[in-house]
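> Turn this into a structure:
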Amino acid sequence: MTRKERQLRKRDIAGITLLLYLAALSLFVLFPRPILETGDPSQIAEYLRTHANFFYKILYADTNTVAIGNYFMLTPFPIIVHAFSSKISLRAILFTGAALSALIELVQWVIPGRVSDPVDFFSNVVCMVHVNSEIGRAHV
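Now for the predicted structure:
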């Protein structure tokens, strides 16, 4: 296999990975959350017990777990995009990721039971800045 063929194969794999990642991200962030009438923790616990769905268990996790999840949610984005095409500038990847995060928060604003939170946006962008800086250091 020639170098050019390896690069094309890497790009194909990164492209497929990017599509799968974006599909999974969409399912996770756009998954509607049932509106529980009281917000009572015992009512939420009962709901989770009877509806053993992976998404709901993450969505109703404690605040620290949700914050950590938000921090890492967009971590794969700059890595996969850079693997797809190293010619795309890290600044463009950062701005595209920030726009994606903003779009997620705006869409969640209109989904029943979902909450749009500026802290989520900030957490996603901080993570992408960190990942982009690491990618930049690795390629210097």
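> Check the offset of stretch 122-134 from the chain's centre.
12 Å (C-alpha atoms, centre = their mean, to the nearest Å).
> For that stretch, list the C-alpha coordinates in PDB.
Extracted C-alpha coordinates of stretch 122-134, given in PDB (Å, rounded to 0.1, in the frame of the first residue of the first chain):
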ATOM      1  CA  PHE A 122     -18.600  27.200  28.100                       C
ATOM      2  CA  SER A 123     -17.500  23.700  29.200                       C
ATOM      3  CA  ASN A 124     -17.600  22.300  25.700                       C
ATOM      4  CA  VAL A 125     -15.600  25.300  24.300                       C
ATOM      5  CA  VAL A 126     -12.900  25.100  27.100                       C
ATOM      6  CA  CYS A 127     -12.500  21.400  26.300                       C
ATOM      7  CA  MET A 128     -12.100  22.100  22.600                       C
ATOM      8  CA  VAL A 129      -9.500  24.800  23.300                       C
ATOM      9  CA  HIS A 130      -7.500  22.400  25.400                       C
ATOM     10  CA  VAL A 131      -7.700  19.600  22.800                       C
ATOM     11  CA  ASN A 132      -6.800  22.000  20.000                       C
ATOM     12  CA  SER A 133      -3.800  23.200  21.900                       C
ATOM     13  CA  GLU A 134      -2.600  19.700  22.400                       C
END
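> What lies in contact with it?
Contacts of stretch 122-134 from elsewhere in the structure, counted by C-beta atoms under 8 Å, 6 or more residues apart in numbering, are 67, 70-75, 77-79, 90, 93-94, 97-98, 101, 104. No exception for glycine: its C-beta is placed from N, CA and C like everyone else's.
> at 7 Å what do you get?
67, 70-75, 77-79, 90, 93-94, 97-98, 101 (C-beta atoms under 7 Å, 6 or more residues apart in numbering).
> Next, the buried residues of that stretch.
123, 124, 125, 127, 128, 131, 132 (16 or more other C-beta atoms under 10 Å).
> Using TSV, please lay out those residues together with distance to residue 26, pLDDT and secondary structure.
Formatted as TSV, the buried residues of stretch 122-134 follow (distance: C-beta to C-beta, whole Å; pLDDT from 0 to 100; DSSP: H, G, I helix; E, B strand; the rest coil):
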residue	distance to residue 26	pLDDT	secondary structure
123	19	83	helix
124	15	85	helix
125	19	87	helix
127	18	85	helix
128	18	85	helix
131	20	89	helix
132	22	87	helix
